[in-house]
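Trainee: Fold the following and give me the result.
(2 chains)
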Amino acid sequence: MHSTAQTHSLQDMRQQAAIAAKVFIQRDYTNGTVCQFQTKFPSELETRIDKQQFEETVRTLNNLYAEAEKLGGSSYLEGCLACLTAYTIFLCMETHYEKVLKKIAKFIQEQNDKIYAPRGLLLTDPIERGLRVVEVTIFEDRSLGR
Amino acid sequence: MLQLGVAEPMRECEYSQISTRSSTPMETPYKKRTPKKRKWQAFPGRNKFYCNGRIMMARQTGVFYLTLVLILITSGLFFTFDCPFLSVQLTPAIPVIGGVLFVFVLGTLFRTSFSDPGVLPRATPDEAADLERQIDVANGSSSGYRPPPRTKEVVINGQTVKLKYCFTCKIFRPPRASHCSLCDNCVERFDHHCPWVGNCVGKRNYRFFYMFILSLSFLTIFIFAFVITHVILRSHRQGFLNTLKDTPASVLEVVVCFFSVWSIVGLSGFHTYLISSNQTTNEDIKGSWSSKRGKDNYNPYSHGNIFTNCCAALCGPLPPSLIDRRGFVQSDTPQPTPPTNGITMYGSTQSQSHMAAATPLMQSEPVILTDEASLPGRTSLGGPCSGALPLGGQPTPPTSTPNLSCDNGMLPTRNDHSEAHHHMDGVHHHFLTPEEAPSPPGMLPCGSPLGHSHTIQGFYNPASQDSLHEDSVRGLVKLSSV
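Mentor: Predicted coordinates:
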């Protein structure tokens, strides 16, 4: 769910600006079922944000998700430990995936505050959309006098 | 949209503009005063929730209780009647090991049954509208008759995979996901719907399911072996008939274990094969990656070697639940498309029946949008599918037949399209599901799950898979004549 700061800015935005459109960045399945999003730059955002900037955001997101789902020594260790403790260990400890999801939430909030909100855009954390899409809300540009 | 004439706060007004399917009279000024609901209460699928959303199961849980009772009774009898003798005569390690196995079996069973299998939340109205727009652009103008099945092709590791559009959830299903018609959800990495555990088996609970059947195999063999030992040892002293008089429970245990061993050990073997080749039951049954389909056909998801596949399936990272059951419904966040609203042909046939059911509810409960999503799904679709369950979920592959497509254990009457019932995929099935209620008469007596295992032709042997399939069809036909 949105953090308090984000909710406030979202509410502020809504009170000041109407939502003009929403763009959905779909998943990219060319590498299998791992969570990756398409880096193709949507045409609706051309007037609002730099292509490089946007692609950088999506690429970082993709890297973060890859880190969450990475198969390696530490994830195996966590899995085995969990199995041995009959998964009760997760009552006290977070899974690696959940830790990375928190990182992602922070990253998205940061990106929104620094880059997207000033341009009248809002990124929604994909986890709130079931990891299906990255939803970019485009607000009407009040500065144009509309 | 008509509601805008009524005096509403600015925010609702603005939000309604972007809500593409706001033909509901849901958004009234009163909604803020209703108590906050948790998301599981507004969940559009056909699941049951307990403990305020912590526990999630399929709608039909009868067979799960049967599984539980069988395990508890057999183990209970073992510990009460056989263990005292065995721990004295042989070693006290026997009840200890038995106890550990028993606890592990129950733990993994509960974990499999109660957790979210990897349900994909349905698309929000905005997403659905966006996808529809893209599809219409791609297809040209739709004629209003049944549109062609919507598919997207994607190349994964060199193999072309078709992604199908799910009309119920209004999303393009990720690869390996499938829509379970019993639970009315799309589930990631869908393996099968197992009535014995009362839940779907998917990405998030497959390892628990595997651990469950593996440990249950060990427990069954363990109990079987030691009960036989007990009876033999006693018979040496007292004679066979006296032994039976002293421990009549042992006979029951032997019978239960004997019949269970074949199916459970066979199932464990089958799933071990599936894990090592990184396939789902669904894919194996359809022969998606079988070399029979073509020389270049291979499994693009396999990691290459058995060890990595096993580790990935059993010890890999556990993805979190995507449906946030215990979160509170936010009145201003977009909620998934309710089943009543459908632009597509399928949607409109379904929506007519749903509208009829939903409208009185909508008028009597002026609460948030999500309610209509949950209620019609439960009331109108609950009927046709409930009778199909008992044989419908037999997870053992030999009972599945390729020519009944995904029809695992359903009565093979060709005209009843009962294959719509679980691990289904493909738009085609969705068209059939609500109209074609299964014609087989209600529930077959499920009291003999062990008897059912007779139709399972022993152990799973990859070499004789085809003949096994044929045998199982014959077995099913036999059973259907009961």
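Trainee: use CA for all of it now, contacts and neighbours both
Mentor: Will do.
Trainee: For the residue sitting nearest the centre point of chain A, give me the pLDDT.
Mentor: Residue closest to the average C-alpha location in chain A (Cα atoms, centre = their mean): residue A:125, at 3.6 Å. pLDDT recorded at residue A:125 is 91.
Trainee: cool, the one 4 residues further on as well?
Mentor: As summarised for this prediction, residue A:129 has a pLDDT of 89.
Trainee: Residues of chain A that sit close to chain B?
Mentor: A:14-15, A:18-22, A:24, A:29-33, A:68-71, A:75-80, A:86, A:95-98, A:127-131 (Cα under 8 Å from any Cα of the partner chain).
Trainee: follow-up on the earlier one: how about the residue nearest to the centre of chain A, what does it touch?
Mentor: A:104-105, A:108, A:134-135 (Cα atoms under 8 Å, 6 or more residues apart in numbering or on different chains).
Trainee: Which one of those residues is nearest to residue A:46?
Mentor: residue A:135 (15.8 Å; Cα to Cα).
Trainee: Neighbouring strands of the helix or strand containing that closest one in the sheet, and parallel or not?
Mentor: Assigned by DSSP states H and E, residue A:135 belongs to strand A:133-139. Sheet pairing of strand A:133-139 (DSSP bridges) gives strand A:19-26 (antiparallel), strand A:121-124 (antiparallel).
Trainee: Mind telling me which of those strands the model trusts least?
Mentor: strand A:19-26 (a mean of 86).
Trainee: Could you list the residues in contact with it?
Mentor: By Cα under 8 Å, 6+ apart, the list of residues contacting strand A:19-26 reads A:37-38, A:42, A:44, A:132-140, B:14-15, B:18, B:126-127, B:130.
Trainee: low pLDDT regions in chain B?
Mentor: B:1-34, B:138-149, B:331-482 (pLDDT under 70).
Trainee: Those residues of it touching chain A, which are they?
Mentor: B:10-11, B:14-15, B:18, B:104, B:107-108, B:120-121, B:123-124, B:126-127, B:130, B:154-157, B:174-176, B:300-301, B:311-312, B:314-320, B:322-323.
Trainee: For PyMOL, what selects the buried ones among those?
Mentor: Entered in PyMOL, the line below selects the buried ones among these, by 16 or more other Cα atoms under 10 Å in any protein chain shown:
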select buried, chain B and resi 14+15+18+104+107+108+120+121+123+124+126+127+130+154+156+157+174+175+176+300+301+311+312+314+315+316+317+318+319+322+323
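Trainee: do you know how far the nearest residue to residue B:324 once chain neighbours are set aside is from chain A?
Mentor: The shortest distance from residue B:324 to any residue other than its chain neighbours is 7.0 Å, reached at residue B:39 (Cα to Cα, 6 or more residues apart in numbering or on different chains). Distance of residue B:39 to chain A, computed by Cα to the nearest Cα, to the nearest Å: 12 Å.
Trainee: Now do the same contact list for residue B:39.
Mentor: B:324-329.
Trainee: In the stretch 101-250 of chain B, what residue spans correspond to strands?
Mentor: Under the criterion DSSP state E, counting those that start in this stretch, the stretch 101-250 of chain B carries strands at the ranges B:119-120, B:151-156, B:159-166, B:171-172, B:178-180, B:185-187, B:192-194, B:199-201.
Trainee: What residues sit buried inside the helix ranked longest in chain A?
Mentor: Longest helix in chain A by number of residues, with DSSP state H as the criterion: helix A:51-68. For helix A:51-68, burial by neighbour count (16+ other Cα under 10 Å) applies to A:51, A:54, A:57-59, A:61-62, A:64-65, A:68.
Trainee: try stretch A:86-100
Mentor: Within stretch A:86-100, the residues scored as buried using 16+ other Cα under 10 Å are A:87, A:95-98, A:100.
Trainee: how close does the residue sitting furthest away from the middle of chain A sit to chain B?
Mentor: Going by Cα atoms, centre = their mean, the residue of chain A most distant from its centre is residue A:84, 33.1 Å out. Using Cα to the nearest Cα, residue A:84 is found at 10 Å from chain B.
Trainee: Quick check, the residue in the stretch 251-400 of chain B closest to chain A?
Mentor: residue B:315 (4.3 Å; Cα to the nearest Cα).
Trainee: Give the burial count for the closest residue to residue B:235 other than its chain neighbours, as a bare number.
Mentor: Closest residue to residue B:235 apart from its sequence neighbours, by Cα to Cα, 6+ apart: residue B:243 at 5.8 Å. Residue B:243: 19 surrounding residues under other Cα atoms under 10 Å in any protein chain shown.
Trainee: just to revisit the earlier point, now for the contacts of residue A:125, which sits with the most neighbours around it?
Mentor: residue A:134 (23 neighbours).
Trainee: Confirm for me that it is in contact with residue A:128.
Mentor: No: taking contacts as Cα atoms under 8 Å, residue A:134 lies outside contact range of residue A:128: 9.3 Å.
Trainee: Excluding residues flanking it in the chain, which one is nearest residue A:32?
Mentor: Counting by Cα to Cα, 6+ apart, the residue nearest residue A:32 is residue B:156, at 5.6 Å.
Trainee: Oh, that last question was meant for residue B:159, not what I typed.
Mentor: residue B:300 (6.3 Å).
Trainee: follow-up on the earlier one: look up which helix or strand the residue nearest to the residue of the stretch 251-400 of chain B closest to chain A when sequence neighbours are not counted falls in, please.
Mentor: What sits nearest to residue B:315 in space, not counting adjacent residues and going by Cα to Cα, 6+ apart, is residue A:79, at 4.3 Å. Element membership for residue A:79 (DSSP H and E) is helix A:73-84.
Trainee: counting contacts, what elements does the longest helix seen in chain B pack onto?
Mentor: In chain B, taking DSSP H as the definition, the longest helix is helix B:206-238. Where contact means 3 or more Cα pairs under 8 Å, 6 or more residues apart in numbering or on different chains; DSSP states H and E, helix B:206-238 is packed against helix B:83-89, helix B:93-114, helix B:240-246, helix B:248-276, helix B:306-315.
Trainee: Same list, those, but as JSON lines with distance to residue B:202 please.
Mentor: As requested, the helices and strands packed on helix B:206-238 are exported to JSON lines (distance: least, Cα to Cα, whole Å):
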{"stretch": "helix B:83-89", "distance to residue B:202": "37"}
{"stretch": "helix B:93-114", "distance to residue B:202": "10"}
{"stretch": "helix B:240-246", "distance to residue B:202": "44"}
{"stretch": "helix B:248-276", "distance to residue B:202": "13"}
{"stretch": "helix B:306-315", "distance to residue B:202": "11"}
